[in-house]
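> Below is the structure, and that's it, no one-letter string:
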């Protein structure tokens, strides 16, 4: 009898793109049917800047109807941003990530300029793709929980403002951004009960009327070049510090927020909604070697 040898097909390469919004950068993995397994170790490996592609986080692009966390939103949005932090953990929301996610959909020809709905774990976000290249995201309402909290770095201590933008932030106004230190490790905060699951910490200085600059330690990612939800939290905290509350005055308030990677414009409207406008760029696209992913999963990459 003739011997028949059947060759097993090699796993197919996985497509990826790289993008950034004010240098808050992301690995983008299109997966419309939610067919890929992306465990934390693989996400962390892809976001590694030396051994992987490198990014502050990963944007897993999935249709709402195909993902259990988003099926309930399928009537409002076609696409779900399954966002992961650089350490592989799941996050509720990423403002710069939503802008880059929308830019990817435009790059892929799925949508054009104009309005778009994107589902996130913090609900459906409404996005506008401007013809000039900027992307505006309606980030929802800021919540300012009661209670005092402090953050500290290298023996210095500052009071911080609680702001929740779908994820938690502690905003501290300082005299010099250098006071934030290296931000490699999460800045200590107290009381510990204020943020049982960790917190994003923003250090802020004034640059001019309704113009501030910030540095941020993002939960799960260390210091990043930009943080969209953080910029929104900073603008709201600065407005309250400056005595401005659109819900009271009936007039919107706009702050320019400089981040290490560029500039964002944040507007809080009388109904409480917060809008963020800034650039979003697709940098490159390519393929991930499936044998590399197998090595990561087996601890050999």
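Here it is on my side, so go on. This structure is a prediction, so every number in the text was calculated from the model and none was measured. Numbering: from 1, shown residues only.

> from memory residue 211 sits against residue 255, does it?
Yes. Counting by C-beta atoms under 8 Å, residue 255 is a contact partner of residue 211 at 6.9 Å. (Each C-beta comes from the backbone N, C-alpha and C, glycine too.)

> between those two, who's got more neighbours?
Each of residue 211 and residue 255 has its neighbours counted (other C-beta atoms under 10 Å); residue 255 has more, 23 against 13.

> residue contacts, the more buried one?
Neighbour list for residue 255: 210-212, 234-235, 238-239, 265-266 [criterion: C-beta atoms under 8 Å, 6 or more residues apart in numbering].

> Tell me how far it lies from residue 39.
Distance of residue 255 to residue 39, given as C-beta to C-beta, to the nearest Å: 39 Å.

> what sits against the spatially most central residue of the chain?
What sits nearest the mean C-alpha location of the chain, by C-alpha atoms, centre = their mean, is residue 94, with 2.4 Å. By C-beta under 8 Å, 6+ apart, residue 94 lies in contact with 24, 57, 81, 83, 228-229.

> State the pair within the residues you listed that is farthest apart.
Spanning the widest gap among the contacts of residue 94 are 24 and 81, at 13.9 Å by C-beta to C-beta.

> So which of those two has more stuff around it?
Remark: of residue 24 and residue 81, residue 24 carries more neighbours, 33 against 25, as counted by other C-beta under 10 Å.

> okay but that one is in contact with residue 261, surely?
Yes. Counting by C-beta under 8 Å, residue 24 does reach residue 261; the two are 6.3 Å apart.

> shared neighbours, those two?
With C-beta under 8 Å, 6+ apart, residue 24 and residue 261 have common neighbours 225-226.

> Sketch out the low-pLDDT regions of the chain for me.
Residue ranges of the chain with pLDDT under 70: 1-10, 300-301.

> what about residue 176, distance to residue 131?
Noted for residue 176: a distance of 39 Å to residue 131, by C-beta to C-beta.

> go on, residue 295?
From residue 295 over to residue 131 the distance is 44 Å, taken as C-beta to C-beta.

> Looking at the two, which has the bigger crowd around it?
Each of residue 295 and residue 131 has its neighbours counted (other C-beta under 10 Å); residue 295 has more, 13 against 8.

> Can you classify that one by secondary structure?
What DSSP: H, G, I helix; E, B strand; the rest coil gives for residue 295 is helix.

> can you give me the strands in the stretch 101-250 of the chain?
114-120, 123-129, 134-141, 149-153, 156-164, 168-173, 189-190, 200-208, 211-218, 222-224 (DSSP state E, counting those that start in this stretch).

> Of the ones you listed, flag the one that's most buried.
Each of those was scored by mean neighbour count; the highest is strand 168-173, a mean of 25, by mean count of other C-beta atoms under 10 Å.
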